[in-house]
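Enquirer: Could you work out the structure for the sequence below:
(chains A and B)
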Amino acid sequence: MDLATPSMLITDSAIEIEAWDLLHEVYDPEIGINLVDLGLIYDLSVTERTVGVTMTLTTPGCPVSDSMPDAVRRVMEAIPGVSDVTVDLVWEPPWDPERITEAGLRELGWLD
Amino acid sequence: MLGGQKGPAAEAIKPEQSPDLSLPLRYMIAALVAFVLFATAAPLLAPYFLRTYDDPHVFALVHLAVLGWITMIMMGALYQLFPVALQAEIRSVRLGKWNFWLFAGGVAGFAPSFYVWWTPGIALFGTCAVAGVIHFVSNMFRSYPSVKSWNAMAYYVLCALGWLTLTVLLGFVYALDQVFGWFDITPNILAAHAHLGLAGWFSLTLMGVSYKLMAMFSLAHGHDETLAKRNLALWNIGLLGLILSLVFAAGSVFVTIFAAVLDLSATIFVADMLILFRRRRRRGVSLEQWHAFISFAAFLAAADMGVLLVAGHPLTPTWIVAYGYVALVGWFGFSIVGKYYKIIPFLLWVHRYSKQIGSRPVPLLRDMMDERLGYASLVALFAGFLVVLAGILAGSLVTVRVGGAVFALGSYLFAYNIWTVFGDKSPTRRETGDRPRPLLPHLKARLANRPNPAEGPLPEAP
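Expert: Residues are numbered from 1 along each chain as shown, chains lettered A, B, ... in the order given. Below you'll find the model as predicted:
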């Protein structure tokens, strides 16, 4: 008999929503803005409970280049139902301040 | 499987390329101690440097600053920044760690030996300090083949390392002459030694690092580095000409010409920094940037004073000491103090909190130190600096001592603030609000546009 566990009932869409939400809780420690509003997350996909994140950092010389992809991976792995996580740190296209969201600009003081 | 870094990330720095915390930190803590000692000793030794710069007590104080404080912090900062900013690998972390003891031990004996004018100590500890510098330079030169990002900082630091080698070699020759009388050392050669260090090693390192850090911390992207690289050539031409003129044609018009070239180059650098700063995406001026702007102003003032001194202003000890003080404390000192507020919290944050993201709340860098205390320290340091400078120019011992005491107070506040960074700054769940953020509308829409019928309806966003 096929017994479905609770985690098996979690859909890819639910995981994706949770993933985006959790990425809003991961902050660039120096700038103080989360990775999503800073525009560092280029892509997030969930296929058969495998989370794939493509991200960048503000500069290749960023002091957290060692640790931030690992932090993202850890956060994604903590989502119930996730079976696998892949984090790709890319430098192309390079990050540009134009990628900062309205919420991010508000945090930086450029918008009221 | 854990998500690795692949594809274009192969260009990114590998974790094992970054030296562990203990390598840069030992240099930075030693430099902090030397800075506090320098700030404390300066008003006490004021009677000596108000009279002349050519005095064993002044040599002791100056070398405590230039080797124990400034060179020490630059070594530590480069061991930290070199891998991340240039995407490179330190050739030997172990050599860097062992070399610290050789260099720190050398400086710890060198400065006191100067103070009491114990020539065997000057020779012995000076040799240790020189050996420490040579090891450091060798380690950095051998690290350069691994550099992937040949940005402005890479070229500036490479040149600075070359000038540093010449600085210590000429200083070593000078020290040997003091002990054995082997060479015909003139005051102009002493001036050449000082300028190799001030303009070659310190200035070029700070200029190069400033291009990277100012852009990084102010989110100023897309700054064209062409001017920076051309200005580096101008600076090197000016410095080479100045050194050769001082050694072989002292008193000639060439000294003035090359000093003016350096002054022009300093002006171009500061203007370029302002252009870069105007491109920033972070509003306001941060604590670190206030320090940087004071240092830039002092850089221009020192460069102007240098030209005035060789262009006919009387070469009185008062003006020479004032010139050195503006360069040493104003340009290098404020720049370094400001960068501490970024580098130390970053080092400790990466070491202590980066692996806790996702499992517990972690602080931001600004949570790791007391910014108000930082501004109080800045005010005391800047006020003390101006009063000491006024006292030097006026020849007033009381003024120098009052200003020196205020500056020392600022150094204590600064050191205490940095010390507190080492404490645990983890915020509690209550402090962070323990709240999930609402899903952004555009994400809801994005998910709504790609339904998977097999998965059923989307759950409500939290």
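
Enquirer: now the nearest residue to residue B:280 once chain neighbours are set aside: how far from chain A?
Expert: For residue B:280, ignoring the flanking residues on the chain, the nearest one in space by C-beta to C-beta, 6 or more residues apart in numbering or on different chains is residue B:218 at 3.6 Å. To be clear about C-beta, it is placed using only N, CA and C from the backbone, and glycine gets the same treatment. Distance of residue B:218 to chain A, given as C-beta to the nearest C-beta, to the nearest Å: 10 Å.

Enquirer: Can you give me the neighbour number for the residue in the stretch 51-200 of chain B that chain A sits nearest to?
Expert: In the stretch 51-200 of chain B, the residue that lies nearest chain A is residue B:85 (3.9 Å; C-beta to the nearest C-beta). Look at residue B:85: counted by other C-beta atoms under 10 Å in any protein chain shown, it has 27 neighbours.

Enquirer: Quick one: residues contacting it.
Expert: A:61, B:149, B:151, B:153, B:209, B:212 (C-beta atoms under 8 Å, 6 or more residues apart in numbering or on different chains).

Enquirer: Burial check on the second one, number of neighbours?
Expert: Meaning residue B:149. 18.

Enquirer: where are the low-confidence patches of chain B?
Expert: Along chain B, the model assigns pLDDT under 70 to residues B:1-18, B:179, B:185, B:358, B:427-462.

Enquirer: Tell me which stretches of it form strands.
Expert: Ranges of strands in chain B, per DSSP state E: none exist.

Enquirer: Strands of chain A, start to end?
Expert: A:41-47, A:50-55, A:84-89.

Enquirer: Can you tell me which residue is spatially central in chain B?
Expert: Centroid-nearest residue in chain B, with C-alpha atoms, centre = their mean: residue B:336, separated by 4.2 Å.

Enquirer: got it, and chain A?
Expert: By C-alpha atoms, centre = their mean, the most central residue of chain A is residue A:23, 4.2 Å off.

Enquirer: How about the contacts made by that residue?
Expert: Per C-beta under 8 Å, 6+ apart, neighbours of residue A:23: A:34-36, A:41, A:44, A:53, A:72, A:75.

Enquirer: How about residue B:352?
Expert: By C-beta under 8 Å, 6+ apart, the neighbours of residue B:352 are residue B:424.

Enquirer: measure it to chain A for me?
Expert: 11 Å.

Enquirer: what do you get for residue B:377?
Expert: Distance of residue B:377 to chain A, given as C-beta to the nearest C-beta: 20 Å.

Enquirer: Now that residue: closest residue in space that isn't a chain neighbour?
Expert: Nearest non-adjacent residue to residue B:377 (C-beta to C-beta, 6+ apart): residue B:413, at 3.8 Å.

Enquirer: Surely the one you found touches residue B:379?
Expert: No. Judged on C-beta atoms under 8 Å, residue B:413 makes no contact with residue B:379 at a distance of 9.4 Å.

Enquirer: Looking at the two, which one has more neighbours?
Expert: Taking neighbours as other C-beta under 10 Å, residue B:413 and residue B:379 compare with residue B:413 leading, 20 against 14.

Enquirer: who's in contact with that one?
Expert: Contacts of residue B:413 by C-beta under 8 Å, 6+ apart are B:373, B:376-377, B:380.

Enquirer: is it possible to export the residues you listed to CSV including neighbour count?
Expert: Shown next, in CSV, are the contacts of residue B:413 (neighbours: other C-beta atoms under 10 Å in any protein chain shown):
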residue, neighbour count
B:373, 15
B:376, 16
B:377, 25
B:380, 20
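
Enquirer: mind listing which of those residues are in helices?
Expert: B:373, B:376-377, B:380 (DSSP state H).

Enquirer: which among the residues you listed gets closest to chain A?
Expert: Distances from chain A to the ones in helices among the contacts of residue B:413, taken by C-beta to the nearest C-beta, are shortest for residue B:373, at 19.2 Å.

Enquirer: what about the longest helix in chain B?
Expert: helix B:152-180.

Enquirer: quick one on the thing from earlier: out of the contacts of residue B:413, flag the one nearest to residue B:23.
Expert: Compare each of the contacts of residue B:413 with residue B:23 using C-beta to C-beta and the shortest gap goes to residue B:377, at 26.6 Å.

Enquirer: Would you mark the buried spots in the longest helix of chain B?
Expert: By neighbour count on 16 or more other C-beta atoms under 10 Å in any protein chain shown, the buried set for helix B:152-180 is B:152-168, B:170-172, B:174-176, B:178.

Enquirer: So which residues on the stretch 251-400 of chain B come close to chain A?
Expert: Within reach of chain A by C-beta under 8 Å from any C-beta of the partner chain, the stretch 251-400 of chain B has these residues: B:281-284, B:342, B:346, B:349-350, B:353-355, B:357-359, B:362-366.

Enquirer: could you redo the last one with a cut-off of 7 Å?
Expert: Listed as neighbours of chain A in the stretch 251-400 of chain B under the rule C-beta under 7 Å from any C-beta of the partner chain: B:281-283, B:346, B:349-350, B:354, B:357-358, B:364-366.

Enquirer: how about those residues in TSV, adding neighbour count and distance to residue A:96?
Expert: Listed next are those as TSV, based on neighbours: other C-beta atoms under 10 Å in any protein chain shown; distance: C-beta to C-beta, whole Å:
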residue	neighbour count	distance to residue A:96
B:281	18	10
B:282	19	15
B:283	10	18
B:346	19	23
B:349	23	25
B:350	21	25
B:354	17	25
B:357	21	24
B:358	18	27
B:364	18	23
B:365	23	23
B:366	15	24
